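Participant: what would the 3D arrangement of this be:
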Amino acid sequence: MIIVTIMITISLIIKFQFKVASVRKLNEVKKTESVSVKLSRICHQQFKIQFKIATLTYKTLANCQPSYLYNLLQVHQPSRALRSSTQKLLQVPFLSTDFGQCAFSYSCPATWNSIPTSIKNCSSLYSFKRHFKSHLIAQLTNN
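Facilitator: Residues are numbered from 1 along each chain as shown. Predicted coordinates:
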């Protein structure tokens, strides 16, 4: 039993060291810098981007403004009555390349559909921002 535990621990340490080495290599982190600081910066940037996209989507759907962005969004309408029909989902277009996922027409619906319905149904922009920030912080602390 002890040998199995030691082997599992050693394999976990090796996996962790490999992850740290790959983060150092991909993000050009020096040996003297902390990997966790770099990872927290990357994570913070991702949440900041998600927040900006979600806020812009909320403004666009609430006011139909600006019209050129509103025209890029399509509300998902299922062919039959489903529970998801009340969730204010957007149609996510099919893309065959990863490069296309950076486009507003893809990233906006993908981000919007990942937000809980209770946050999407907020009555004001201030309320939406406050609830969405707390949702992102909860995601960060749970991971």
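
Participant: what about the helices in this structure?
Facilitator: In the chain, the segments counted as helices under DSSP state H are 2-26, 35-63, 67-70, 104-113, 117-120, 125-142.

Participant: residue 54 touches residue 116, doesn't it?
Facilitator: No. Between residue 54 and residue 116 there is no contact under Cβ atoms under 8 Å: 11.4 Å. Placement of C-beta: from N, CA and C, glycine included.

Participant: higher neighbour count, those two?
Facilitator: residue 54 (23 against 11; other Cβ atoms under 10 Å).

Participant: wait, what's in contact with that one?
Facilitator: 111, 112, 115, 128, 132 (Cβ atoms under 8 Å, 6 or more residues apart in numbering).

Participant: hmm, 7 Å instead?
Facilitator: Taking Cβ atoms under 7 Å, 6 or more residues apart in numbering as the criterion, residue 54 is in contact with 111, 112, 115, 132.

Participant: returning to that earlier point: out of the helices of the chain, which gets the lowest mean score?
Facilitator: Looking over the helices of the chain, mean pLDDT reaches its minimum on helix 2-26, with a mean of 55.

Participant: what sits against the closest residue in space to residue 133 that isn't next to it in sequence?
Facilitator: Once flanking residues are discounted, residue 133 sits nearest to residue 51: 6.9 Å by Cβ to Cβ, 6 or more residues apart in numbering. Neighbour list for residue 51: 132, 133, 136 [criterion: Cβ under 7 Å, 6+ apart].

Participant: for burial, what's the neighbour tally of the second one?
Facilitator: The local packing count at residue 133 equals 14, with neighbours defined by other Cβ under 10 Å.

Participant: what do you get for residue 95?
Facilitator: 13.

Participant: phi and psi next, for it.
Facilitator: Main-chain dihedrals, residue 95, degrees, to the nearest 10: phi -130, psi 140.

Participant: was I right about it contacting residue 107?
Facilitator: No. Contact status for residue 95 versus residue 107: not in contact, 10.4 Å apart, counting by Cβ atoms under 7 Å.

Participant: now do the shared contacts for the two.
Facilitator: Residues touching both residue 95 and residue 107 (Cβ under 7 Å, 6+ apart) are residue 101.
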